[in-house]
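Participant: here is the input, now give the coordinates:
(one chain, ligands or ions: 1)
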Amino acid sequence: MFFDRLQRSACGKVILCGEHAVVYGRPAIALPVAQLRTHASIWHDHPKDAPTDEIEIIAPDINARFKLNSRPQHPLSRIVQLTTEFVAQQPRNLPDMPDRGTPRLNCRYSLKVRSAIPVGSHLGSGAAASMACARVVAEYWGRELAPADISDLVYEIEKIHHGTPSGIDNTVIAYEKPVWFVKGEAPHVLPLAQFERQFALVIADTGVATPTKTVVGAVREHWQKDTATYERYFDHIASLVKHAREALQHSDDHVLGKLMTENHRILRHIGVSCIELDHLCITAQRAGALGAKLSGGGRGGNMIALARDSHHARYLRRQLLLSGAKRAWIA
Ligand code: MEV
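Facilitator: Numbering: from 1, shown residues only. Modelled structure (predicted):
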């Protein structure tokens, strides 16, 4: 018998500017992508003759179905463990949820994760999966967690996925708001008014899946070999990001677009672009984009292009798809 199906979700993200340099302490701006989501649901199945109390994890997008105890180191198992331990220390704050006693792992439920965010496209699929799981597990135990707490939990899983993540992905996905982010500092949520105006961003996926960990590791090797040059690149990016924040504050899309294109140029020097990303950025520029750049880890994954308005965004999206993008969205 199935009952008590709970469902929570988490959004995807793009990095507007500052990726990679953010790993080295420079600022970056990230935006949530509300229409790209991962859903996690729990259903509670407890027939009277249930032999054991076990948590089952089902993730069809990665062909995974297993009992948590059989793969305790799997990232989805880890987020369930960490969230359960954490909520056990927190008071119940969702009085409408049934009281299931002390949060624990020896209980019986199924947790299913479904995602509309393509894996390996640097749109935050890993962080969104962890976030959706953490939210639904917390809710199952009658707790709603603050964004800062849930972000910290997901950061632990990001370390498994990415090695040395800055923490920007879990932060923007936890707050689901545009954020100004500096590693090790409290994030600054950018006033939403900046984004409520017409801000037409097109996201296009190259379809080339490259793990962020690989690209971040490659940048670290280059940085170790030639620290002075890479520090200069990162400083240059930091200055672009600061100007981008001002351009956002003044609703100056023309300046913002130029800064994005310049950011892409530096990312190419850093060695994180690829033919497919460059090709889509050039396509966007030829189609009249105000600016275009790779977004996130690079060497594949997605790029973003700033359109003049929503009508132009639809045109840009079509051009990007005609030029080989595997998927494209208007954010
Ligand atoms: C990933 O979205 C952005 C990177 O800067 C990695 C990180 O910040 O952890 C490439």
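
Participant: which ones are touching residue 308?
Facilitator: 200, 253, 288, 290 (C-beta atoms under 8 Å, 6 or more residues apart in numbering). For glycine as for every other residue, the C-beta is placed from the backbone atoms N, C-alpha and C.

Participant: what's the closest of those residues to residue 20?
Facilitator: residue 290 (22.5 Å; C-beta to C-beta).

Participant: kindly provide the distance from residue 249 to the ligand.
Facilitator: Distance, residue 249 to the ligand, by C-beta to the nearest ligand atom, to the nearest Å: 23 Å.

Participant: of the contacts of residue 308, buried ones?
Facilitator: Neighbour counting over the contacts of residue 308 (16 or more other C-beta atoms under 10 Å) leaves 200, 253, 290 as the buried ones.

Participant: I'd like those laid out as JSON lines, including secondary structure, pLDDT and distance to the ligand.
Facilitator: Shown next, in JSON lines, are the buried ones among the contacts of residue 308 (DSSP: H, G, I helix; E, B strand; the rest coil; pLDDT from 0 to 100; distance: C-beta to the nearest ligand atom, whole Å):
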{"residue": "200", "secondary structure": "coil", "pLDDT": "90", "distance to the ligand": "22"}
{"residue": "253", "secondary structure": "helix", "pLDDT": "93", "distance to the ligand": "23"}
{"residue": "290", "secondary structure": "coil", "pLDDT": "98", "distance to the ligand": "22"}
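
Participant: need those in a markdown table with distance to residue 161, can you?
Facilitator: As requested, those are exported to a markdown table (distance: C-beta to C-beta, whole Å):
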| residue | distance to residue 161 |
| --- | --- |
| 200 | 30 |
| 253 | 33 |
| 290 | 32 |
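
Participant: which pLDDT value does the model give residue 218?
Facilitator: We note a pLDDT of 96 for residue 218 in this prediction.

Participant: hang on, it packs against residue 271?
Facilitator: Yes. Contact between residue 218 and residue 271 holds when scored by C-beta atoms under 8 Å: they sit 6.8 Å apart.

Participant: which neighbours do those two have in common?
Facilitator: Joint contacts of residue 218 and residue 271 (C-beta under 8 Å, 6+ apart) do not exist.

Participant: quick one on the thing from earlier: tell me the one of the buried ones among the contacts of residue 308 nearest residue 186?
Facilitator: Closest to residue 186, out of all of these and judged by C-beta to C-beta, is residue 253, at 28.4 Å.

Participant: list the contacts for the closest one?
Facilitator: 199, 247, 290, 306, 308.

Participant: ok, now residue 259?
Facilitator: Residue 259 neighbours (C-beta under 8 Å, 6+ apart): 17, 240, 243, 244, 247, 291.

Participant: distance from the helix or strand it falls within to the middle of the chain?
Facilitator: Using DSSP states H and E, residue 259 falls within helix 253-270. From the chain centre to the centre of helix 253-270 is a distance of 21 Å (C-alpha atoms, centre = their mean, to the nearest Å).
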